[in-house]
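>>> Curious how this folds, go ahead:
(2 chains)
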Amino acid sequence: RKEVEQDPGPFNVPEGATVAFNCTYSNSASQSFFWYRQDCRKEPKLLMSVYSSGNEDGRFTAQLNRASQYISLLIRDSKLSDSATYLCVVTVYGGSQGNLIFGKGTKLSVKP
Amino acid sequence: ETGVTQTPRHLVMGMTNKKSLKCEQHLGHNAMYWYKQSAKKPLELMFVYSLEERVENNSVPSRFSPECPNSSHLFLHLHTLQPEDSALYLCASSPGHGGTEAFFGQGTRLTVV
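Residues are numbered from 1 along each chain as shown, chains lettered A, B, ... in the order given. Model (predicted):
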């Protein structure tokens, strides 16, 4: 089983739509969780950290379910500029000593 | 100016060449990383340096050789690469090693011919 799994998409949505991405992780000892955004041919950039209580940043809401080992990202009122690949990232302790482990990413395309 | 700078941005090299990738961070971070990103694969962690000491080598072939002369600079020396090594090589840094978000450079797109 892959350490971090995401639906690769693509998710094609119209402007203004609400879209949700899911991510599962295999290591129950994972401690920190993030969503990164990667534009085409660019480097990944941190979108938001994910906290146990859930957190919101404008149109973006992240949720963590430790029992199900599941992370989600909700984007409301999608903009054209939201088109990108969204990477789910966890920190795995133990063998990998706190390194960031990336999922393959979910591609989002927002259409006019 | 980005906090993490990589050079060159693009590199084409033959299988018998020797080249080096350079990364510099201006964020005062203590940990630096090399990642490889190939098409349709997740980012693969290659090397981790914490306070200039290598703390992890993820079974990377010896044709890739990292060097960290100080906490602001990281190099990846390349020799006798294979075409399948063609990928985007990303450098990142973080305040400390473990549990904190990483800041990435723009990457070097490497093509081995």
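
>>> residues from chain A in reach of chain B?
Chain A comes close to chain B at residues A:4, A:31-32, A:34, A:41-46, A:49, A:87, A:91, A:93, A:96-105, as judged by Cβ under 8 Å from any Cβ of the partner chain. From N, CA and C alone the C-beta is placed, and that goes for glycine too.

>>> out of these, which are buried?
When the residues of chain A next to chain B are checked for burial by 16 or more other Cβ atoms under 10 Å in any protein chain shown, the buried set is A:4, A:32, A:34, A:43-44, A:49, A:87, A:91, A:96, A:98-105.

>>> Surely residue A:20 and residue A:76 touch.
No. Taking contact to mean Cβ atoms under 8 Å, the distance of 9.8 Å between residue A:20 and residue A:76 leaves them out of contact.

>>> quick one: low-confidence ranges for the chain?
Because you didn't say which chain, this covers chain A. Filtered on pLDDT under 70, chain A yields the residue ranges A:1, A:93-98.

>>> Wait, chain B was what I had in mind.
In chain B, residues with pLDDT under 70: B:1, B:57, B:98-99.

>>> I'd like the distance from stretch A:61-73 to the chain centre, please.
The chain centre lies 10 Å from the centre of stretch A:61-73; the measure is Cα atoms, centre = their mean, to the nearest Å.

>>> Name the residues of it that are buried.
Taking 16+ other Cβ under 10 Å as the neighbour-count basis, stretch A:61-73 is seen to contain the buried residues A:61, A:62, A:63, A:64, A:71, A:72, A:73.

>>> Mind checking which of the buried ones among the residues of chain A next to chain B are in helices?
Judged by DSSP state H, helices contain none of these.

>>> so residue B:77 touches residue B:22, yeah?
No. Residue B:77 lies out of contact with residue B:22 (Cβ under 8 Å); the separation is 10.2 Å.

>>> Report the separation between residue A:33 and chain B.
According to Cβ to the nearest Cβ, to the nearest Å, residue A:33 and chain B sit 10 Å apart.

>>> quick one: strands adjacent to the strand of greatest length in chain A?
Scanning chain A for the longest strand, with DSSP state E as the assignment, gives strand A:84-92. Strands that pair with strand A:84-92, judged by DSSP bridges, come out as strand A:32-38 (antiparallel), strand A:99-102 (antiparallel), strand A:106-111 (antiparallel).

>>> Could you dump these into TSV and include distance to residue B:113?
Shown next, in TSV, are the strands paired with strand A:84-92 (distance: least, Cβ to Cβ, whole Å):
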stretch	distance to residue B:113
strand A:32-38	26
strand A:99-102	28
strand A:106-111	29
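
>>> Indicate which one of the ones you listed is closest to residue B:104.
Judged by Cβ to Cβ, the one of those that comes nearest to residue B:104 is strand A:32-38, at 8.6 Å.

>>> about what we covered before: of all the strands paired with strand A:84-92, which one is nearest residue B:105?
strand A:32-38 (13.1 Å).
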